[in-house]
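Undergrad: just the structure for this:
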Amino acid sequence: MFPGACKKCFFVVGVLIAGMVLLQGAAAADGDHDGLDDALEMQLAEQYAPIFYFEKEEQVFPVAVEYHLANANLNRSDEGTPHLLVVNPSPEQLGAYTSIGQNYYLDNTVGTIEDRRIIEDYREYAEQHGYTVYSHVFPSGAETVIQYWCFYAFNEGPLNTHEGDWEMVQIVLDANGTAREAMYSQHLSGQRAPWSDVKKSGDHPHVFVARGSHANYFRHYQGMTGLASDRVGKNGMVLEPGQYTLALLGERSAGNHPAGQNWLDFAGRWGDFGSDQDEVRGKRGPPGPAYREDGEMWAGTDWGRSLPGVSSLMLSLDWIFYHFTYIFLAFLGVAVVAAGVAIYRRHGTAGLKWPYTSLLMLYRPNLRSLANILAVAGIVLAVLSLFYPWYTMGIDIDGGSFQTPGLVEVLRIDGMNGLQVNLLEENSGLVQIGAVPVAFSLLVGAGILLFVLGTIGATPDQAGKKYLGRGIRFWVPVVVILAAVVMVKTLAFQLAESGASEAAVAGARDLLGTAAGQPWG
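TA: Next up is the predicted model:
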């Protein structure tokens, strides 16, 4: 019986060994064939899952792509003419459309960029769909890259309103598995920061999402500087990892992801395609994650390292701009009190005599009167700037892609909205394209107030050249405005990266160049 018992023992041992091999293979599954265990990918995705802070007026939040597909048709644009391919395509069907340059796009049939029906539909079913964030984890040389992709049903920005929106947060681990850097996408670019400079709770980075545009920032007070003039805050909804579904993505191409993720291979746009002019204006839907920036964002490392870093100086300036009104009012209060004390000390006992301020001494043919006249003229100009635009420009184009119905205001500069332009599209007027985030009307008004207070009770000896210099300073904004108009053509710097045709880009540049070359009309 001994030989039979040995055979049974060998059989049992063989079964155990085979089972252990199978278990080890299952435990080390690499379904996307990127060389990284799927279980480890999910572990890292959960460990570094971001906390998203939204501005209080945000209307649209990260959602699963199935919501968009249920409301969209798959079309192909042929020289501006749409051709219907599939009604409400499934993720599996999208995987068949992988040819770049075929102008495939998903058109949301609920609404358009000219109305708010897409936003309203999303809001109606938001609770039903919940929140979803997609994670893409993969090795890059000795490093490991963790990406978090958010899909938004609608992007409502002043310069880039479009259907569908993809934004991304990226974290890079070194060869030892230690987090070293973070990169946040913003419009056509983004920012990066050392991991030590990232606000976080444990290993969960804080991401501050701009209202409407969904650009990601490292601080809640960023976004006000630059062309986008984003509105960011931490006064709205906070989306923590436990509140959203974290879906792990595979890699591109068949066999590297589940069939339900075939939408990764879709080479088209996730919103209406529109015209070449729509692309210049930022109205065309974005490519999917694997095709953003020609695939460079999906690849991760090179894209992230090409981004500008967040500097402590810029963060300080952003903080000052964000809190500018409160800081300014505090300094103004101190300045007014100081001016009042100075007036009291000068004439507290003898009292003030007519004309109370030497600024009104305009009747003598001398330097003092000339300086006062110039100062008064500057004050009048400054007061008018509080109520009227500082500069406007109109244009009449009788043909081409940017034809206008007669004379149309295309540029305005004022103290409240800064620089505004007209994108020359239907149902659109002036939009703010970015400005120094300071209420210029406050500066002008305070300057007038403090200037007048400084002249009360001033003796003739304190006037003259002093007032001449102050009067000239009131005219400085005129020079600044003209310089800004002449430089407006630099706004075309990003057109070459927009993906629009050369003709559309050239037309927009010519338009801006013509406007900049004729600042006086």
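Undergrad: what's the domain layout of the chain?
TA: Here the domain parsing of the chain from automatic domain parsing is 38-311, 323-516.
Undergrad: tell me which of these sits nearest to G31.
TA: Closest to G31 of the domains of the chain is domain 38-311 (CB to CB; 5.3 Å). Any C-beta I mention is one placed from the backbone N, CA and C, and that applies to glycine too.
Undergrad: from memory Y97 sits against A267, does it?
TA: Yes. Here Y97 reaches A267: they are 6.3 Å apart, a contact under CB atoms under 8 Å.
Undergrad: what's the closest of the domains of the chain to D30?
TA: When these are compared (using CB to CB), the closest one is domain 38-311, at 6.1 Å.
Undergrad: how long is the closest one from one end to the other?
TA: Using CA to CA, to the nearest Å, one end of domain 38-311 lies 36 Å from the other.
Undergrad: for the closest residue to A210 other than its chain neighbours, what are its contacts?
TA: Using CB to CB, 6 or more residues apart in numbering and skipping the chain neighbours, the partner closest in space to A210 is D230 (3.6 Å). Shown in contact with D230 (CB atoms under 8 Å, 6 or more residues apart in numbering): G157, Q186, A210, R211, S213, A215, Y217, Q222, G223, M224.
Undergrad: mind running it again at 6 Å?
TA: Residues in contact with D230, defined by CB atoms under 6 Å, 6 or more residues apart in numbering, are A210, S213, A215, G223.
Undergrad: report how many residues lie close to the first one.
TA: Burial of A210, expressed as a neighbour count using other CB atoms under 10 Å, amounts to 24.
Undergrad: that one contacts V232, doesn't it?
TA: Yes. Between A210 and V232 there is a contact under CB atoms under 6 Å: 5.0 Å.
Undergrad: quickly list what's touching both of the two.
TA: Joint contacts of A210 and V232 (CB under 6 Å, 6+ apart) are G223.
Undergrad: what stretches of the stretch 51-200 of the chain score poorly on pLDDT?
TA: Within the stretch 51-200 of the chain, the ranges that satisfy pLDDT under 70 run 158-159.
Undergrad: can you show me the strands along it?
TA: With strands called from DSSP state E, counting those that start in this stretch, the stretch 51-200 of the chain shows them at 51-54, 72-78, 81-87, 104-108, 132-140, 143-155, 162-173, 179-186, 189-194, 200-201.
Undergrad: a markdown table please, covering these and showing mean neighbour count.
TA: Output for the strands of the stretch 51-200 of the chain, formatted as a markdown table (neighbours: other CB atoms under 10 Å):
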| stretch | mean neighbour count |
| --- | --- |
| strand 51-54 | 22 |
| strand 72-78 | 19 |
| strand 81-87 | 12 |
| strand 104-108 | 24 |
| strand 132-140 | 20 |
| strand 143-155 | 24 |
| strand 162-173 | 24 |
| strand 179-186 | 23 |
| strand 189-194 | 19 |
| strand 200-201 | 14 |
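Undergrad: would TSV of those with distance to Y391 be doable?
TA: Formatted as TSV, the strands of the stretch 51-200 of the chain follow (distance: least, CB to CB, whole Å):
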stretch	distance to Y391
strand 51-54	35
strand 72-78	38
strand 81-87	40
strand 104-108	38
strand 132-140	44
strand 143-155	30
strand 162-173	30
strand 179-186	29
strand 189-194	29
strand 200-201	44
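Undergrad: those: which one's closest to H323?
TA: Short answer: strand 51-54, nearest of those by CB to CB, at 17.3 Å.
Undergrad: so which elements touch that closest one?
TA: Applying 3 or more CB pairs under 6 Å, 6 or more residues apart in numbering; DSSP states H and E, one finds that strand 51-54 contacts strand 204-209.
Undergrad: elements contacting the strand it packs on?
TA: Partner elements for strand 204-209 (3+ CB pairs under 6 Å, 6+ apart): strand 51-54.
Undergrad: quick one on the thing from earlier: now, of the domains of the chain, which is deepest in the fold?
TA: domain 38-311 (a mean of 19; mean count of other CB atoms under 10 Å).
Undergrad: if we can go back for a sec, out of the contacts of D230, show me where the pLDDT dips lowest.
TA: The lowest pLDDT within these belongs to G223, which sits at 88.
Undergrad: out of everything not next to it in sequence, what's closest to it?
TA: Closest residue to G223 apart from its sequence neighbours, by CB to CB, 6+ apart: D230 at 3.3 Å.
Undergrad: before we move on, what about V169?
TA: Once flanking residues are discounted, V169 sits nearest to Y148: 4.5 Å by CB to CB, 6+ apart.
Undergrad: quick one: the one you found from F52, how far?
TA: The spacing between Y148 and F52, counted by CB to CB, to the nearest Å, is 9 Å.
Undergrad: then R180?
TA: 22 Å.
Undergrad: lowest-pLDDT helix or strand in this protein?
TA: Here the helix or strand of the chain ranked lowest by mean pLDDT, DSSP states H and E is helix 2-27, holding a mean of 50.
Undergrad: point out the other helices and strands that whatever helix or strand comes next after that helix packs with.
TA: On the C-terminal side of helix 2-27, the nearest following helix or strand under DSSP states H and E is helix 38-47. Other elements packing on helix 38-47 under the criterion 3+ CB pairs under 6 Å, 6+ apart are strand 132-140, strand 245-248.
Undergrad: circling back to that earlier point, helix, strand or coil for the residue nearest to A210?
TA: Here D230 is recorded as coil under DSSP: H, G, I helix; E, B strand; the rest coil.
Undergrad: phi, psi of it?
TA: Phi and psi for D230, reported as degrees, to the nearest 10, are phi -70, psi 150.
Undergrad: ditto for T161
TA: phi -80, psi 120.
Undergrad: all further residue positions should be reported with the first residue as 23.
TA: Noted, 23 is the first residue going forward, which turns the last one into T183.
Undergrad: distance of the closest residue to it other than its chain neighbours from K221?
TA: Closest residue to T183 apart from its sequence neighbours, by CB to CB, 6+ apart: I135 at 4.9 Å. Distance of I135 to K221, computed by CB to CB: 33 Å.
Undergrad: over to L351?
TA: Where K221 is concerned, L351 sits at a distance of 28 Å (CB to CB).
Undergrad: ditto for L62
TA: If you measure L62 against K221 using CB to CB, the figure is 26 Å.
Undergrad: next one: R291
TA: Per CB to CB, R291 is found 33 Å from K221.
Undergrad: check L286 too.
TA: Following CB to CB, the distance that separates L286 from K221 is 30 Å.
Undergrad: now E146
TA: E146 is 33 Å from K221, where distance means CB to CB.
Undergrad: and what of P280?
TA: Note on P280: its distance to K221, by CB to CB, is 34 Å.
Undergrad: thought L116 was touching D287, still the case?
TA: No. D287 is not in contact with L116 according to CB under 6 Å; the separation is 7.3 Å.
Undergrad: quick one on the thing from earlier: closest to E262 among the contacts of D252?
TA: Out of the contacts of D252, the member with the shortest distance to E262 (by CB to CB) is A232, at 19.1 Å.
Undergrad: now do the contacts for that closest one.
TA: Contacts of A232 by CB under 6 Å, 6+ apart are G245, D252, V254.
Undergrad: isn't the first one up against V254?
TA: Yes. With contact defined as CB under 6 Å, G245 and V254 form a contacting pair (4.0 Å).
Undergrad: which neighbours do the two have in common?
TA: Going by CB under 6 Å, 6+ apart, residues that sit against G245 and also against V254 are A232, Y239.
Undergrad: so what's the closest residue in space to G293 that isn't next to it in sequence up against?
TA: Distance criterion CB to CB, 6+ apart; nearest residue to G293, sequence neighbours excluded, is G307 at 2.0 Å. The contact partners of G307, by CB under 6 Å, 6+ apart, come to Y127, H184, E185, G186, R291, W292, G293, D294.
Undergrad: let's have those in JSON lines, adding distance to K78.
TA: As requested, the contacts of G307 are arranged in JSON lines below (distance: CB to CB, whole Å):
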{"residue": "Y127", "distance to K78": "32"}
{"residue": "H184", "distance to K78": "23"}
{"residue": "E185", "distance to K78": "24"}
{"residue": "G186", "distance to K78": "24"}
{"residue": "R291", "distance to K78": "30"}
{"residue": "W292", "distance to K78": "27"}
{"residue": "G293", "distance to K78": "26"}
{"residue": "D294", "distance to K78": "29"}
